[in-house]
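Asker: Quick one: sequence and predicted model below, then my questions.
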Amino acid sequence: MSAAETSPPANVAGRESAPPRPLWHLVLVRPETLTLVLLILGVIVASRLSPYFLDIGYILRSFALSAEIALVALVLTMVIIAGEIDLSPAANMALSACIFAWAQASGVPIPLAVLLGLLAGLAMGGVNAFFVIVMQLPSIIVTIGTLILYRGLAQILAGDRSIRIAEGFIGVDRILVLGVPLPVVVFVLAAIVLALVLGGTIFGRQIYQIGTNEVAARHAGIRSRRIKLILFLMIGVVAAIAGIMTASRLGSVRYDLALGKELEMVLMAMLGGTYIFGGRGTIPGTFLAAWLLVVVSTGMTVANLLPAIQMTVLGILLIVSIIATNFIYSRTQR
Amino acid sequence: MTGPAALSQTQVPLISARGISKQFAGVEVLRDVDLDLRVGEIHALLGENGAGKSTFAKILAGVHRPTTGTIALNGEQVEVANPVVAQRLGITLIHQEPISFPDLSVAENLVLGRSEDGWFSPVPWAKMTRDARALMDLLGVDIDVTQPMRGLSIADQQMVEIARALASDSRLIIMDEPTAPLTPREVETLFGIARRLRSEGRTIVFISHRLEEVRALCDRVTIFRDGNKVGTHTIDELTDADIIRLMIGRPLKEYLHKPRTEIGAVALEVENLTLPGRFEAISFSVRRGEIVGLGGLVGAGRTDVARAIFGVAPALSGTIRINGKQATIREPDDAIALGLAFVPEDRAQAGIFRSLSVEQNITAAVPARIAPRGFIRRSVEKALSSEAIRSLRVRLASARQPIGELSGGNQQKAILARWLLTDPTVLILDEPTRGIDIGVKAEFYDRIGELAASGRAILLISSELPELLALSDRILVMSEGRLTAEFPRAEASQEKIMKAAVPRSATLGEAA
Amino acid sequence: MSALRSLLLRREAGILVMIMLFCLAVGLYKPQFLTGNNLRVILLLTPLIMIAAMGQMLVLVARHVDLSMGSILGLSAMVTGMMFRDMPQIPWMLGFAVAIGTGALLGLINGALVTLFRLPAIIVTLGTLNLYRGLTFIISNARQVDRQYIPTELKAMSQTSPIFGVPSIIFIAFGVAILAYYFTMHTRVGRQVFALGSNPVAAPLRGIKANQVTLLVFTISGALAGLAGILYASRWGFVNPSNTGAGFEFQVIAAVVIGGVSINGGVGSVPGVVLGVLLLGCVSAALPLLGIPGAAQNAIYGTVILIALLIDRTVRQQGVLGLRRLPA
Amino acid sequence: QDAFSIVYIGKNTGNPYFDSITGGFVDACVEIGCQFEFVAPATAEATSQIPFIEAQIQRGVDVIAIAPNSPDALNQVLDSAKAAGILVMTVNGDLVGNEEHRDASILPVDFTKTGPNQVELAGSLIGYEGEIAILSATTEAPDQNTWIAAMNDTLANDPKYANMKLVATVYGDDQPEKSTAEMEALLANYPNLKAVIAPTTVGIAAAAQVVQSRGIADQVAVTGLGLPSEMRDFIKDGTVEAFQLWSPYNEGVLAAYFAKGVLDGSIKNEVGETFEVPNLGTITIDPNNMMNTQAELTTFNAENIDDFDF
Ligand SMILES: Nc1ncnc2c1ncn2[C@@H]1O[C@H](COP(=O)(O)OP(=O)(O)OP(=O)(O)O)[C@@H](O)[C@H]1O
Ligand SMILES: Nc1ncnc2c1ncn2[C@@H]1O[C@H](COP(=O)(O)OP(=O)(O)OP(=O)(O)O)[C@@H](O)[C@H]1O
Ligand SMILES: [Mg+2]
Ligand SMILES: [Mg+2]
């Protein structure tokens, strides 16, 4: 009983916190670093595969073909960081592009048609938001549903007829800014802006916070629902922009525009080190990943490799990249 | 020593645990515990919240592996590697929070994991249901065993857990606060069964915060404090005062309440707050500079009241007034705008952003201050957080390290710091010292005192009576979602509070 | 009485009613929709989906999802088809073993990735969806396996059978459904799948080997996709690297979700899924009869899925109320 | 002049039709000395061919032959190919309405004759009387639609077919599942249907299968355009009596010879120009720089089916 009186002092030492990690560690053990390394490797391998690959002009032109997808991937990154996911933007691109094309083909003045397309995109984002935020359904399944629905609507609207775009509006990718195709410029600018938003503003900060722990975020007075709504609307509109850019690049629109590209978008985010469970990821990561993907697929195409090999490589890349990020994060975790 | 203890002294103990220690991520929650459980005794584990009772129980039942230490069953060493092994050894644990498979039928929940049969062996539905019904009758509860578990009340879920333990005729049954959600009648039945099991020569470990229950049921008690075992005694050796002293570890007077003089105007006032199924007609008020304690048993509805006031899960009816003005609070940030702050009971789930920096965690509630024009001003953020860190003496290596790397106590301080930055008039603390070591606790009590002294109104929810008694100017008590008593500091006592906290018409005299 | 009520309240009853109403509506407008011949058409549209749906159901009940089913179907069909083409002497029955085996292996790989690395199934299978499709192209060198190489007996299975000339694949589909029913309702591991999906955290406390069960469901789902693969060869008489199984996963998920399987795990019944599949079958059969362009099909599928989700949601909500601690 | 390089870009990989076109290219290139490569995207989606064309430009090939997935989505990139001095020709399928974006087009037969040929074949199978229906590819498929127009026209104006009634035209989107469903619907909606013309390889196979499994080959005649490799069984078991197609192989051969000629200047790519191709005889460059490998469709039946290996 005497022992009871003098209770041993709670062992403060055992509860003291770990020392901070050294800076080099913080820099090196980051997914973006991994992406950068892969990118450099990719360039080397690609130029080994084909002597025709290493040509800035060509690479830029090829990137212009994926710029729209990459643009959406940037916003998708933010959505995933916030703890949700959206698989419907590719279908959204198709539908809003079809609506735009159909409008301008039936005589609506281009600016108005563009506006229609953008509104359609916004609406589609709104539908996703409704199911996810109001009905509290898992975004993954919801957006699989809307992915089928939006594509289906595009199919109804356009059949499998391709709708011509007015000559004047054709060819964004032919417009060069200092020798760089406009879509690429748009992508780079968007990346810079979004990187600032995500990294430097309170909005971005709160995206990370709701992605890390939504309950805690609510308790800290963060309006997670509002932020998620904004994100879904944002990705809706950006998808529409991407769709219309694609329309202009192709000069015509069919319902199968960007068919199956949702995988590529997710892939870019994952490869960039975005954590599928939310709370982690960066715009620069996705930026690098986009270039990595283009380098990989272009390298294979110019070497006339079977497209099947590209699919396989993409699939493997996706799996490997999440394994890697999960590993890295489980390391940095506590 | 006398009584049944003395008699069974001679025979080999059913369980003898030696030098059991347990760490969770470097936090030591059990330290070198030795404990013998005799055949055919009902053995109580007592201790404050966080003392380590459940952890010890879970170690016996193979849910956790001890960091160090050995367990012997009937004298021979055993490895309780996992719950199934425990099951096989005849050890069953009734968890503090009932675990259930909501989509499976009650009957299935009863048998799941008990059978050793292979994967593809058939499920004997008929027998299963029959046995389940029998058990329910035995427990005198009326539950349709073919219905899915989902939708059962916590109490009924608890009953199913108990039934499960009975069905697996174990030598050792550990009941971790089984009575917390039960009605007095159910408690009686449970006690009846417990006694019968004892007479069959089984051993029962009974964990509870209710001394009356312990006295009514148990032969011996072991008391835990801050992860240490402070002693094992036959129950009639000890007075309640002894037990409390052992649990708390220092004479109560050390905690004695420091009266506050400068109590000001009413800051928070709630009237007839009601959320059906959770709480009814809650009315009270808190003045500036006053600490109002809110006591009760786990599950009484206190957290729900707090969450309602703060707008996390708003009440359906009733009014809330802040500084005399009627307030509509739909979301926490409404509450924050009105000068409320809320330190939730479940830190990991509702408090911290584990993987984000301490800095970010501290400034989470004051976006406007660190980012006046939307863009974050690092200098401001740095200044604010480091100032808060200093004032609350948060122990950390760097403000940029993930908060997950901090100890529980320091995490809790960081959360408190977060709320100090909002400069709240009303501060709601729900179990602020749960799972925090004794040293830090003392600090917390000083901080809370200072906060009140600085003219803030504080609503303190705590299941630790000494804590309530030490800090509160007034003490409210909740039971089954209703306010059942209010004591000015002077009149409050552990006994009175307990009486008010235990569900109505519960007079454990009968149970005994 | 109360038994009847609870029966009527079941999810399956709802779908059954939906089917009846739909068929009556179409039947009023196009009487030939209600003929035995059309029933045959409907049943012939569904076997592949039905078989795969049983696998997808198990995966969903265990709180995962398998998006790679279409590609698994394609790859196992291709492996089998190439075997038929390149080694004709092999007995055709062996094709089933090969197809199912291949499928099981691919499913096992999914399961292994999910359990070993604790990856979300959705992303893993999104990856293998591409990976397996790519492999199909590579092993087949992007060449289709033509009709003449598919064994006649195999093709015959989709045409007729000794029993009233009802094509064998229909019997196979319902056979699988019955097995699935027995597995889910009457084997211990079957119930463990439900337990795991219902409360993954508590499962280990009840001695459920979460990883092994997860591996099992993915393997089963793969095996069934493989079976669907060889039956594809039987049904359509060819195996094409790009078409075979493309987009199949979405039809399957649609059917399963409509059939009342909850995406939150723990909930789902074989009868429900069977009805869900039949409902989709009715829709697909009705569209051309009504002269609705095939283009509308996807939109209809998508809508039906979302509606099913909403129903699922409301059904759940009633169950959870009062116990939910947080409005999540 | 050293060996020049031809790349043929198919609609998509795994499409058996292109295997035999490729065969023609390969053999011809052995004859005349050129490096041939076949590439194709994984899906026949409208834009999927663009990166491949870009890649060929980058690799500086001499000739791009392509079966376009879209009549207009490729205009821009094909222009830049031509600008890069590459000879661009469409093989088996054309840029209808955008002919200016390619140098020449090679089609197997004169598509204006396809419609009438098909009607004649169907008629001959059913004694020139009774209800017939068309099961086509997609609603917008340009080639099929030209043929269908011609069929309607022939049925309406040629007294020979006065007793044949076209009751329906449906679209199976070149998917087996949909084509089957559509075929079943046709049989349900038109009980006394005599013949079905499916001018698409997927459609005719699906239609034949439905007839086979229902065992009504003697009541409903299935015909149209199909691949011998896919139709052989149906011909042998009598489900299908006869169907038609051309020789994809010859398209490859013609394309190769034409390309060589244009590159070494022996052929002027001008309307009216003629030149010789071994086994194909004299080829004339028709308006719009179009060429055909053969005048009429080849009809396949039990007698000759085994002579063809594609
Ligand atoms: N783990 C749980 N899951 C679901 N409902 C619960 C749980 N615990 C308690 N409840 C219910 O919530 C209501 C109030 O619980 P609450 O936690 O608010 O009580 P409390 O007095 O705050 O308990 P604590 O002392 O843990 O704070 C009660 O009706 C109880 O039945
Ligand atoms: N899984 C875990 N991870 C980290 N810490 C834990 C875990 N489980 C318990 N703890 C900590 O261990 C300490 C003892 O917890 P335990 O549940 O054993 O206390 P208790 O005596 O049962 O308290 P109560 O009376 O409230 O049930 C607490 O500080 C708690 O925070
Ligand atoms: Mg406990
Ligand atoms: Mg509480």
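Answerer: Nice, I can see it. Numbers count the residues shown, from 1 in each chain, chains lettered A, B, ... in the order given. Ligands and ions are numbered 1, 2, ... in the order given.

Asker: burial of the residue of chain A found nearest ligand 4, as a residue count?
Answerer: Here the residue of chain A nearest ligand 4 is residue A:219; by C-beta to the ion that distance is 13.6 Å. C-beta: built from backbone N, CA, C; applies to glycine. Residue A:219: 28 surrounding residues under other C-beta atoms under 10 Å in any protein chain shown.

Asker: repeat for residue B:246
Answerer: 22.

Asker: Okay, now the unreliable bits of the stretch 201-334 of chain A?
Answerer: Along the stretch 201-334 of chain A, the parts satisfying pLDDT under 70 run over A:331-334.

Asker: mind listing the helices in it by residue range?
Answerer: A:202-212, A:214-219, A:224-250, A:262-271, A:283-302, A:307-332 (DSSP state H, counting those that start in this stretch).

Asker: With adjacent residues omitted, what lies nearest to the residue of chain A closest to ligand 4?
Answerer: Distances taken as C-beta to C-beta, 6 or more residues apart in numbering or on different chains put residue B:350 closest to residue A:219, at 4.9 Å, once the chain neighbours are dropped.

Asker: list the contacts for the one you found?
Answerer: Contacts for residue B:350 (C-beta atoms under 8 Å, 6 or more residues apart in numbering or on different chains) come out as A:215, A:216, A:219, B:344.

Asker: Leaving out chain neighbours, which residue sits closest to residue B:278?
Answerer: Per C-beta to C-beta, 6+ apart, closest to residue B:278 is residue B:304, 4.2 Å.

Asker: who touches that neighbour in this structure?
Answerer: B:275, B:278, B:279, B:313, B:481.

Asker: from the chain's centre, how far out does the one helix or strand it maps to sit?
Answerer: Element membership for residue B:304 (DSSP states H and E) is helix B:302-310. Computed by C-alpha atoms, centre = their mean, to the nearest Å, the chain-centroid distance of helix B:302-310 equals 16 Å.

Asker: Report the beta-bridge partners for residue D:107.
Answerer: residue D:292 (DSSP bridges).

Asker: so which residue of the stretch 151-300 of chain A comes closest to chain C?
Answerer: Nearest residue of the stretch 151-300 of chain A to chain C: residue A:152, at 3.0 Å (C-beta to the nearest C-beta).

Asker: Doesn't that residue belong to a helix?
Answerer: Yes - when DSSP: H, G, I helix; E, B strand; the rest coil is applied, residue A:152 is found to be in a helix.

Asker: mind checking pLDDT for it?
Answerer: The per-residue pLDDT reported for residue A:152 equals 92.

Asker: what residues are up against it?
Answerer: C:295, C:296, C:297, C:298, C:299, C:300, C:301, C:302.

Asker: Derive a ChimeraX selection command for the buried subset of those.
Answerer: Buried subset of those, written as a ChimeraX selection, criterion 16 or more other C-beta atoms under 10 Å in any protein chain shown:
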select /C:295,297,298,299,300,301,302
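
Asker: now, among the contacts of residue A:152, which is nearest to residue D:211?
Answerer: Taking C-beta to C-beta as the measure, residue D:211 sits nearest to residue C:297 out of these, at 23.7 Å.

Asker: what's the nearest residue to the closest one if we skip its chain neighbours?
Answerer: Using C-beta to C-beta, 6+ apart, the nearest residue to residue C:297 is residue C:287, at 6.2 Å.

Asker: any low-confidence regions in chain C?
Answerer: C:1-10, C:312, C:315-328.

Asker: which residue ends up closest to the midpoint of it in space?
Answerer: residue C:53 (1.8 Å; C-alpha atoms, centre = their mean).
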